[in-house]
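Student: model the following, please.
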Amino acid sequence: MEKIVGIVVAAGKSKRFGEDKLLINIKGMPILYHSIRKLHDIKDIEKIILVVRNEMLEYYKEKIKDWKLEKVYKIVLGGEERQDSVYNALKSVDFYCDYVLIHDAARPFVSIKKVEELIKFCTEKSLSAILGIPVKDTIKVVDNTTKRIMETLDRSKLWIIQTPQMFPFEIIKEAHEKAREEDFVGTDDASLVERLGIPVYVIEGEAFNIKITTKDDLLWMEGILSKLELV
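Tutor: Numbers count the residues shown, from 1 in each chain. Have a look, this model is predicted:
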């Protein structure tokens, strides 16, 4: 059986939210707990690395114990950017593993079913893949200065990308190292792998796997919670 390590990235500063969004409660437990719990409950994920800000390190060490999340075997410090935080986690892997599954801590509504589907695809085909959903709206390229429409994109080829994202360990590590050498900052981990000329595939996710970014996103939570059971 392949060894899979989960990385949960929780080192952001929540600038757009205005307070630490990961501490917002959902059904009595913070957002971060639910995001970790989803990966924790998947039997194929052997261990989890949590990435946090320096000032939250001791706090989360205690909370992980209180929450009985035994698969979280290591908590590491994040970096200046999300990409740096993921790289710190990759560097901290001190045992052999086949795959890494990277998840944003601010996505507590991802379904176990979809994560398992992602894992099955990657392990059976020895490939990299990510979750995403097809774009429904018309997307236009607009000149930021004049606001003139420059192009209307073919939405049949456009997807909104989510996490988790899953990669063979050696490939994602090489992709991050190459990006650091060349001072390249990608919009997600998949973009770093794409730069190596290695294909990355998309598994269709679910619309409710939203990322909590601003307080407006909390307005969606009541509707989502009415459909889902977060336990």
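Student: in stretch 142-149, what's buried?
Tutor: Neighbour-count burial for stretch 142-149, counted by 16 or more other Cβ atoms under 10 Å, picks out no residue. (Glycine included, C-beta is placed from N, CA and C.)
Student: rounded mean pLDDT for that stretch, please.
Tutor: On average, the pLDDT along stretch 142-149 is 97.
Student: what's the first-to-last distance across that stretch?
Tutor: Start and end residues of stretch 142-149 are separated by 4 Å (Cα to Cα, to the nearest Å).
Student: for stretch 116-136, same thing?
Tutor: 25 Å.
Student: try stretch 9-22
Tutor: 11 Å.
Student: check stretch 175-192 too.
Tutor: Terminal residues of stretch 175-192 lie 5 Å apart, using Cα to Cα.
Student: assign a three-state SS to residue 156, would you?
Tutor: Following DSSP: H, G, I helix; E, B strand; the rest coil, the label given to residue 156 is helix.
Student: where does this structure dip in pLDDT?
Tutor: Low-confidence segments of the chain (pLDDT under 70): 14-18, 222-223, 226-231.
Student: what residue is smack in the middle of it?
Tutor: The centroid of the chain falls nearest to residue 103 when counting by Cα atoms, centre = their mean (2.5 Å).
Student: helix or strand for that residue, just tell me which one.
Tutor: Using DSSP states H and E, residue 103 maps to strand 99-104.
Student: that strand pairs with which strands?
Tutor: As defined by DSSP bridges, the strand partners of strand 99-104 come to strand 4-10 (parallel), strand 159-168 (antiparallel).
Student: any idea whether the residue sitting furthest away from the middle of the chain is helix, strand or coil?
Tutor: Distance from the C-alpha centroid of the chain, by Cα atoms, centre = their mean, peaks at residue 146 (34.6 Å). In terms of secondary structure, residue 146 is coil; the call rests on three-state DSSP.
Student: still on that earlier bit, the residue nearest to the centre of the chain against residue 10, yeah?
Tutor: No. Contact criterion Cβ atoms under 8 Å: residue 103 and residue 10 do not qualify, at 9.7 Å.
Student: and for these two, which residues touch both?
Tutor: Common contact partners of residue 103 and residue 10 (Cβ atoms under 8 Å, 6 or more residues apart in numbering): residue 35.
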